[in-house]
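Visitor: below: sequence and its predicted model.
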Amino acid sequence: MRRDDPGVGAGRSERTPAAEAAAFARPAEPHGGTAVDEHPRSPAAAKRFDGFRPPVFPSGPALHRGVLTSGSADQLAALVARAARAPSACIKFVEGAELRLYGSWGNAAAMNDELGGLVVSGATALVIDDPEAFLGYPVYDRLGLVIGVCCAYDHGPREWTPEQITAVAEAAEVATLLIGEQLARYELEQQHRFLDAVLDSLHDGVAACDATGRVVFVNDRMRRLWGEHPIAEVTGLVDGSGAPLVREELGLFRALRGERVRDEPIAAQGLSRRTRYFLMDAQPIHGLDGRVIGAVQAIQDVTRQRRAERFRSCELAVTTALAEAPCIEAAGPRVLEAVVATLDWVHAELWMVDEETIRAAARWSAPGWPSGIPVPEELAYGQGLAGRAWQVDKPLWIRDVGRPQSLISPDTSADRLHTALAIPVHDGSGQPVGVLTVFADSVEDPEDELVALMSGIAAHLGQFVERRRVEDLQRQLTRSKNEYLALIGHELRTPLTSISAYTELLREADETTLVREGPRLIQVIERNTTQLRDIINELLELSALDAGHADVRRTPMDLAAVVRDVVDRTREAIDGAPVVIDADLPGELIVPGDRDRLRHIVENLLSNAVRYSPDGGHVEVTLRSTGRAAELAVSDAAGDVPHIEREQMFTGLYRTARGHDRVLPGSGLGLTLSRAVVEKHDGSIELIGGETGTTVLIRLPLEAR
């Protein structure tokens, strides 16, 4: 046996040949061989060894099988076998704690792995002549670490010539060079994979081109942004001012000219016409000689940030508009203008609930957008987009209102409006008081962020309506307080004065006067006492209804029978007066209501009609059912009440100038109390009139809500 020192090399073992030989010295009986003490390519005299220890592999890096392909290893083994004139040759590499065969020629499987292990663990050549010939040299990586063995093998004894030893040594050097090159290629590929993974994980789109402008790299984010054609090939790009970009103005090509681009805004519109916003960076890539060999460009999508900024601006504009407006009708156009500008949509509407309908309170279209979009003045409950949003009481997103059965009439959409969003507006108690609707001229998919923004704006509108309602209630409370004070100062004082005066007359009258005038004086006192009691009762009833202390019990009742009875009693009360009461009543009309309170309302209305009708006039009472409501109309023959006075007559103690008390005295609280009772029944009451007189019209629902 011979061991051959591989010579001095970077990173290789620095042990001397004597130390190598001493480490493996044994009696020479089992095997014969020589340890070469010279350069591996120079044959030398051999020293006899009797055997070898089990191999211990160095702790170098394990070589993956894919680094050196089996085809190239087999070809190298064939060259080794022919050069050494041996029947078998092989290339083995360290893999973990074992030697793995990567390339072979002939019957290499019969070779003892311990021989190759000696070469690897000793980092030196091994030559065995007898009884079986073995010639092996270590294979190194580029760092000088032993990673394998290149060997030739003969199943019988033979003496290896210096040329054969040199050939195997040179083959090992070739394997070292081959492995170094393929390891470098493998590591470079690994680095590329790491770099690709890092770039693909970025939120920014990255693209690079060579010196000719040909795109050579595009990361995954850029592909998702621009498809298979990076930004250089995308059409529809504009710069920050809105001007179109040409190919030469894009970042990669500007960088190829030596320009460095930093945070330059660009915008793009896709097929859906939705604008997306980006910040662009680009710079040239310089070679070792300083020449530009390519360029790299990074695109950051800032659409969400821009939208968030615009959303904040929209909320600020809405808040400012509501803070400066006296009413929702005045604030509506400014609110809708802010919404349309923020969303880049084209049309918006604000609808407010008005009893059983929803009316258009405001509308706004984007500047330059064709006007003339037909908007109905009001919609019924559940009708149209606004009516349906009011009915379901939740946001509605219509992807395309131009499709059949989309809740929008073809005249409104007119092939110009497509996506629509409707958001209910709620007051402080959670009841819907309006609907905010917006429209786009393109088809848009639902966006949670957009729905959240519109819901926030709807909440601002609801708070505004609630705040104005509270302010109105405060004004009404102040007005009611003043009215009650006026009542105490006038309406209560008048009967009290009469009672006091006539009581004083009774006290001072002599016996003759008392007998003659006493009954008349007592009658006046009694009439004023009754009037005073009626005023106090109505005032207490109105206060209880306003405070919610009065309980309105609604049970099925025949309203026609109640009206008929009141008409008959009133006719008896005014018997002889020059006023005629005509009644047009159905045989029966059942409504859910409080019989006593509704009777009181009919008595008040009929008394007022008789009071304000001129001599020879007619009072008409009609009752009928219309759709889902019962309508009671009481008309007098007096002149029409001016529009400015109609609402004031429901405020209490207001006396219209059209007439004075003629037959039945009143407290001035009849219409005020009537409205309070009707509203407790979920109904409505209003004054309508014409040249022939004035009509009080009451609507009561036929079914309880």
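Guide: That came through, no problem. On a predicted model such as this, the values are computed, not experimentally measured, just so you know.
Visitor: list the helices and strands whichever helix or strand residue 89 is part of packs on?
Guide: Under DSSP states H and E, the secondary-structure element containing residue 89 is strand 88-95. Under the contact criterion of 3 or more CB pairs under 8 Å, 6 or more residues apart in numbering; DSSP states H and E, the helices and strands touching strand 88-95 comprise helix 70-84, strand 98-105, helix 113-122, strand 146-154. Every C-beta, even on glycine, is put in place using the N, C-alpha and C of the backbone.
Visitor: what is the mean pLDDT for the shortest one?
Guide: This means strand 98-105. Here the mean pLDDT over strand 98-105 is 86, rounded to a whole number.
Visitor: contacts for it, please.
Guide: Strand 98-105 is contacted from outside by 57, 65, 68, 70, 72-78, 80-81, 88-94, 108-109, 113, 116-117, 120, 148-149, using CB atoms under 8 Å, 6 or more residues apart in numbering.
Visitor: of the residues you listed, just the buried ones, PyMOL syntax please.
Guide: Entered in PyMOL, the line below selects the buried ones among the contacts of strand 98-105, by 16 or more other CB atoms under 10 Å:
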select buried, resi 57+68+72+73+74+76+77+80+81+88+89+90+91+92+93+94+108+116+117+120+148+149
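Visitor: wasn't residue 276 part of a helix?
Guide: No. The secondary structure assignment for residue 276 gives strand rather than a helix, going by DSSP: H, G, I helix; E, B strand; the rest coil.
Visitor: what's the nearest residue to it if we skip its chain neighbours?
Guide: Distances taken as CB to CB, 6 or more residues apart in numbering put residue 303 closest to residue 276, at 4.6 Å, once the chain neighbours are dropped.
Visitor: returning to that earlier point: now the strand holding residue 89, how far from the centre of its chain.
Guide: Put simply, strand 88-95 sits 63 Å off its chain's centre (CA atoms, centre = their mean, to the nearest Å).
Visitor: also stretch 503-515?
Guide: Its chain's C-alpha centre lies 87 Å from the corresponding centre of stretch 503-515 when counted by CA atoms, centre = their mean.
Visitor: residue ranges with poor pLDDT in the stretch 301-450 of the chain?
Guide: Counting by pLDDT under 70, the stretch 301-450 of the chain has low-confidence residues at 370-372, 402-415.
Visitor: need the strands for it, in chain order.
Guide: With DSSP state E, counting those that start in this stretch applied, the stretch 301-450 of the chain shows strands at 347-354, 357-365, 378-380, 396-398, 420-426, 432-439, listed in chain order.
Visitor: which residues sit against the longest one?
Guide: Here strand 357-365 makes contact (CB under 8 Å, 6+ apart) with 328-329, 332-333, 335-337, 339-340, 346-352, 371, 373, 375-381, 386-387, 390, 434-435.
Visitor: now the buried members of the residues you listed.
Guide: Under a neighbour-count criterion of 16+ other CB under 10 Å, the subset of the contacts of strand 357-365 counted as buried comprises 328, 332-333, 335-337, 339-340, 346-352, 373, 376, 378-379, 386-387, 390, 434-435.
Visitor: and for residue 277, the neighbour number?
Guide: Other residues within reach of residue 277 by the criterion other CB atoms under 10 Å amount to 17.
Visitor: wait, it touches residue 264, no?
Guide: No. The criterion here is CB atoms under 8 Å, and residue 277 misses it with residue 264 at 11.6 Å.
Visitor: excluding its backbone neighbours, what's nearest residue 605?
Guide: By the measure of CB to CB, 6+ apart, the closest residue to residue 605 outside its immediate chain neighbours is residue 634, 4.3 Å from it.
Visitor: identify the residues contacting that neighbour.
Guide: Under the criterion of CB under 8 Å, 6+ apart, the neighbours of residue 634 are 602, 605-606, 608-609, 619-621, 695-696.
Visitor: how far away is residue 97 from residue 121?
Guide: Using CB to CB, to the nearest Å, we find residue 97 at a distance of 11 Å from residue 121.
Visitor: so for these two, which residue has more residues nearby?
Guide: Using other CB under 10 Å, the more surrounded residue of residue 97 and residue 121 is residue 121, with 20 against 9.
Visitor: tell me the pLDDT of that one.
Guide: Confidence per residue is given as pLDDT, and for residue 121 that number is 88.
Visitor: how far away is it from residue 134?
Guide: For residue 121 relative to residue 134 (CB to CB), the value is 15 Å.
Visitor: any regions of the stretch 151-300 of the chain where pLDDT drops low?
Guide: Residue ranges of the stretch 151-300 of the chain with pLDDT under 70: 226-249, 269-274.
Visitor: quick one, strands of it?
Guide: Secondary structure of the stretch 151-300 of the chain (DSSP E, counting those that start in this stretch): strands at 205-210, 215-218, 237-239, 261-269, 275-286, 292-301.
Visitor: what count of nearby residues applies to residue 399?
Guide: Burial of residue 399, expressed as a neighbour count using other CB under 10 Å, amounts to 14.
Visitor: for the helix or strand hosting residue 507, what is the distance to the chain centroid?
Guide: In this assignment (DSSP H and E), residue 507 forms part of helix 493-508. The chain centre lies 75 Å from the centre of helix 493-508; the measure is CA atoms, centre = their mean.
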